[in-house]
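1. Show me the folded form of this:
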Amino acid sequence: MPHEPRLQNLRDAVLRVGRHAVDYGNGVATGTPDARTITLHTYRPAHATAQSPVVLVQHGVMRNGDDYRDFWIPAAEEHGLVIIAPTFSDAQWPDVVSYNNGNLLATTDRAALADTAPTTAPEAWSYTVVTRLVDDLKAAGVLADQPLYLFGHSAGGQFVHRLLSVLTPGVFTQVAAGNPGWYTLPLLDLPFPEGLSGTPADADSLARLFAAPLTILAGDQDTETHDPHLPSEPAALRQGPHRYARALNYFATAQAEAARRGLPFAWQLHTVAGIGHDGEAMSAVCAHLWFHHRLPDAAQLAALAGRHTA
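-> This next block holds a predicted model:
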């Protein structure tokens, strides 16, 4: 049992049956001047056990971790999953800089960054908030050797694939990014967030990244080009006119770069028929893929289609 009150509170929150919300720590490492918090929206079914898989779920642009937690409740009940949705509020983690882009850069203005990309301290990155949460779940005795999954949709899909690209943590059984607005390409010569220059990524971490269990879920109806939430800066437009095209471009670019470097490539790309920009549907698709080991069939996809949740 953990002795530190913060870890005990975390343990109590995750082990409670049902839907709950709890403030998590101070959001960054103890002793740093940045004291931002996040909220953990949790769900634990009554039949969960100490060996139940844990699924971390990253919300989209609406910062609606409670909704994303709820999107996963049917799968949690069916498969005995523990759901934790780390939620970064707009008030404390404003705009794409501090959430989607990990708070790595003081600005996304390329002119202001000039020739180099000054980064904030790693302990202030939003990506390290999640990796510290994983460490704390282990220290609290909640996470041991059971599977740990990471899913994100839309802005959350941007978040999870960039977290994996920048930090390459080897702690996740599977990672899935559904319908990101655009991508950080696994190229060391392009500046972040278009590429990985200016981050800790190097040739060794690229090898780990290409070997990671990353799945891209791309709705073939996610083809809107005038969505106000669709990134439209030149770097994003170079990847394609809409989210579906950008997913195909990202996967092809990564596959080609891995081949150029002679590296094993373990990623998967799944085109999801009939699904648009829909966080609830894509959550169900991901759960089906992970725990039934295949995509939903045509009838199931048709039943899921038609929602539009960011």
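2. Flag the shaky bits of the stretch 201-310 of the chain, pLDDT-wise.
-> Residue ranges of the stretch 201-310 of the chain with pLDDT under 70: 306-310.
3. hang on, residue 130 packs against residue 84?
-> No - Residue 130 is beyond contact range of residue 84, at 9.9 Å (criterion: C-beta atoms under 8 Å). Placement of C-beta: from N, CA and C, glycine included.
4. the more surrounded of the two?
-> When neighbours are counted by other C-beta atoms under 10 Å, residue 84 comes out ahead of the other of residue 130 and residue 84, with 29 against 22.
5. Surely the more buried one is in a helix?
-> No - counting by DSSP: H, G, I helix; E, B strand; the rest coil, residue 84 is not part of a helix but strand.
6. Give me the distance between it and residue 65.
-> 9 Å (C-beta to C-beta, to the nearest Å).
7. joint contacts of these two?
-> Contact criterion C-beta atoms under 8 Å, 6 or more residues apart in numbering; residues shared by residue 84 and residue 65: 40-41, 57.
8. Generate a PyMOL selection restricted to the buried entries among the residues you listed.
-> For the buried members of those, the matching PyMOL selection, counting by 16 or more other C-beta atoms under 10 Å, is:
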select buried, resi 40+41+57
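9. So which of the shared contacts of residue 84 and residue 65 are in strands?
-> Taking DSSP state E, the ones among the shared contacts of residue 84 and residue 65 that sit in strands are 40-41, 57.
10. Distance to residue 154 added to the shared contacts of residue 84 and residue 65, as CSV?
-> Formatted as CSV, the shared contacts of residue 84 and residue 65 follow (distance: C-beta to C-beta, whole Å):
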residue, distance to residue 154
40, 20
41, 17
57, 12
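11. With the flanking residues excluded, which residue is spatially nearest to the residue sitting nearest the centre point of the chain?
-> For the chain, residue 160 is the residue whose C-alpha lies nearest the centre (C-alpha atoms, centre = their mean; 2.5 Å). Closest residue to residue 160 apart from its sequence neighbours, by C-beta to C-beta, 6 or more residues apart in numbering: residue 152 at 3.7 Å.
12. Over to residue 176?
-> Residue 176's closest residue in space is residue 215 (C-beta to C-beta, 6+ apart), at 4.4 Å.
13. can you check residue 138 too?
-> residue 144 (7.3 Å).
14. Neighbours of the one you found, how many?
-> Residue 144 has 9 nearby residues by other C-beta under 10 Å.
15. Please look at it and residue 50 and confirm they touch.
-> Yes - with contacts counted by C-beta under 8 Å, residue 144 reaches residue 50, the gap being 7.4 Å.
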